[in-house]
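1. A structural model of the following input is requested.
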Amino acid sequence: MTTTTVTTTTEILLELVDEQGRTIGTAEKLSAHQAPGRLHRAFSVFLFDSEGRMLLQQRALSKYHSPGVWSNTCCGHPYPEEPPFVAAARRTAEELGAAPVRMEQAGTVTYDLPDEASGLVEKEYNHLFVGVAAPAFTPNPDEVADTAFVTAAELAALRAAKPFSVWFGTVLDAALPTIRATFPNAGW
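-> The predicted structure is shown next:
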C-alpha cells in the first residue's frame with residue numbers, strides 16, 4: 001500500500017500600493033517584507049479602556065515576524081480589496097477574541113523601516129484606527145503572548161525596558177492627534 005501525503009500552504013496576499021495609497025497589484029506576504037520591501041497596505045489599531053489607558057500586546061513567540069516584542073493593540077494587512085476598517089475590526093477580534101466596542105479612522109502614515117532582528121522590512125502605507133476595547137477579551141495564544149493597559153507614563157517606562165516593534169513609534173506618533181482628541185483627559 002502506498003500512502004501519499006499532500007501538503008498545502010495558504011498563500012496570503014497583500015495589496016501593493018503606490019505612494020498615494022492606490023492599489024497597483026498584489027504580492028505574497030513574506031515576499032513583500034523581504035528586502036528591499038514592497039509598499040503595501042497595512043493597518044494599526046490603538047484601543048483604550050474607559051480610563052484612557054492604551055491596550056498593548058506582546059506578540060506571540062511563535063510569530064515569524066517580530067516575535068515577543070510589544071506593540072500596539074493590533075496590526076496587520078487587509079486582504080486584497082478588503083476595506084482597511086473591516087480588516088482592522090476582523091483582525092482585532094481574531095487576535096483578542098473580541099472586536100472593538102468603537103473604532104474610528106485616525107489617518108494614514110507611510111514608512112520604510114528595516115527590522116534588524118528579523119531581517120525583514122516594513123514598507124507600509126498604514127491606515128490608523130483609534131477606539132475603545134471590549135471590557136472582556138480572550139487573546140489568541142497563537143497571536144498574543146501578553147497584554148497590558150498602560151498610561152502614557154507607564155508606556156514610556158515599558159518602552160525604555162522592553163523591545164517594541166520597529167513600527168510602533170512611527171504609528172503612535174501619527175495616531176497621537178486622534179488619540180488626544182478622543183481621550184483628552186488621559187494625558188497622551
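2. run the chain-centre distance for the helix ranked longest in the chain.
-> For the chain, the longest helix by residue count, based on DSSP state H, is helix 168-182. With Cα atoms, centre = their mean, to the nearest Å as the basis, helix 168-182 stands 14 Å off its chain's centre.
3. centroid residue for this structure?
-> residue 75 (1.2 Å; Cα atoms, centre = their mean).
4. which SS class is that residue?
-> strand (DSSP: H, G, I helix; E, B strand; the rest coil).
5. ok, it to residue 21 distance?
-> Distance, residue 75 to residue 21, using Cβ to Cβ, to the nearest Å: 17 Å. C-beta coordinates here come from the backbone N, C-alpha and C atoms, glycine included.
6. so what pairs up with the nearest residue to the residue nearest to the centre of the chain once chain neighbours are set aside in the strands?
-> Spatially, and ignoring its direct neighbours in sequence, residue 75 is nearest to residue 44 (4.5 Å; Cβ to Cβ, 6 or more residues apart in numbering). Applying DSSP bridges to residue 44 gives these bridge partners: residue 75, residue 128.
7. any idea of the pLDDT on residue 44?
-> According to the prediction, residue 44 has pLDDT 98.
8. check residue 143 too.
-> pLDDT at residue 143 comes out at 96.
9. so it touches residue 92, yeah?
-> No. Using Cβ atoms under 8 Å, residue 143 is not in contact with residue 92, being 10.5 Å away.
10. who's more crowded, those two?
-> residue 92 (27 against 18; other Cβ atoms under 10 Å).
11. what about the more buried one, which helix or strand?
-> helix 84-96 (DSSP states H and E).
12. what's next to that helix, contact-wise?
-> Contacts to helix 84-96, defined as Cβ atoms under 8 Å, 6 or more residues apart in numbering, come from residues 41, 43, 45, 47, 57, 73-79, 82, 98-100, 103, 105, 127, 129, 133-134, 137-140, 143-144, 147.
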